[in-house]
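K.L.:
next comes the sequence, and after it the predicted model I'd like to discuss.
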Amino acid sequence: MPTPDFDRKPATPQEDPDNKPFMDAARQGRLLMGKCQDTGKLFYPPRHISPFTLSSNVEFVESRGEGTIYSWSVARGKEPYCLAYVTLAEGPTMMTNIIGTDLDTVACGQKVKLVFKPTDGAPVPMFTPA
């Protein structure tokens, strides 16, 4: 029997001055990553300090919103959901949810695309099969 994806409303993300660019982009349907200007490396979640150099020489860049499932797990309860690590096409890996599919069909290596799930604040980035 298939495991359905329930239409769960995610918690409203906490907003602060540090994540404002990310939240504003999410409201526009865009996913931001950080780019260390010293190394050229991308990272997620975006922040104002590079995890590679601890420098503030950071730029926010937009992801294409495409990725591949690296690892996943389905929490099976009254309303099952899928928690996954998705490696973005640009390289960084992010923790997210897989939605809009039979949860029994989720697999490592599966191609996924970005969708935003509404909350009472900024929408939350999640992924669905491509």
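P.N.:
Ah, there it is. Numbers count the residues shown, from 1 in each chain.

K.L.:
tally of neighbours for the closest residue to residue 72 other than its chain neighbours?
P.N.:
Spatial nearest neighbour of residue 72, chain neighbours left out: residue 84 (3.8 Å); criterion: C-beta to C-beta, 6 or more residues apart in numbering. Using the backbone N, CA and C atoms, a C-beta is placed for each residue, glycine as well. Residue 84: 23 surrounding residues under other C-beta atoms under 10 Å.

K.L.:
report the contact partners of residue 84.
P.N.:
Taking C-beta atoms under 8 Å, 6 or more residues apart in numbering, we find residue 84 in contact with 69-73, 95-98, 106, 127.

K.L.:
could you rerun that using 7 Å?
P.N.:
Contacts for residue 84 (C-beta atoms under 7 Å, 6 or more residues apart in numbering) come out as 69, 71-72, 96-98.

K.L.:
what does residue 116 give?
P.N.:
26, 29, 123-125.

K.L.:
ok so, going back, now do the SS call for the residue nearest to residue 72.
P.N.:
On the three-state scheme (DSSP: H, G, I helix; E, B strand; the rest coil), residue 84 is labelled strand.

K.L.:
partners of it in the sheet?
P.N.:
Counting by DSSP bridges, residue 84 is bridged to residue 72, residue 96.

K.L.:
distance check, it against residue 126.
P.N.:
9 Å (C-beta to C-beta, to the nearest Å).

K.L.:
where do the contact lists of the two overlap?
P.N.:
Applying C-beta under 7 Å, 6+ apart, one finds that residue 84 and residue 126 are jointly contacted by 96-97.
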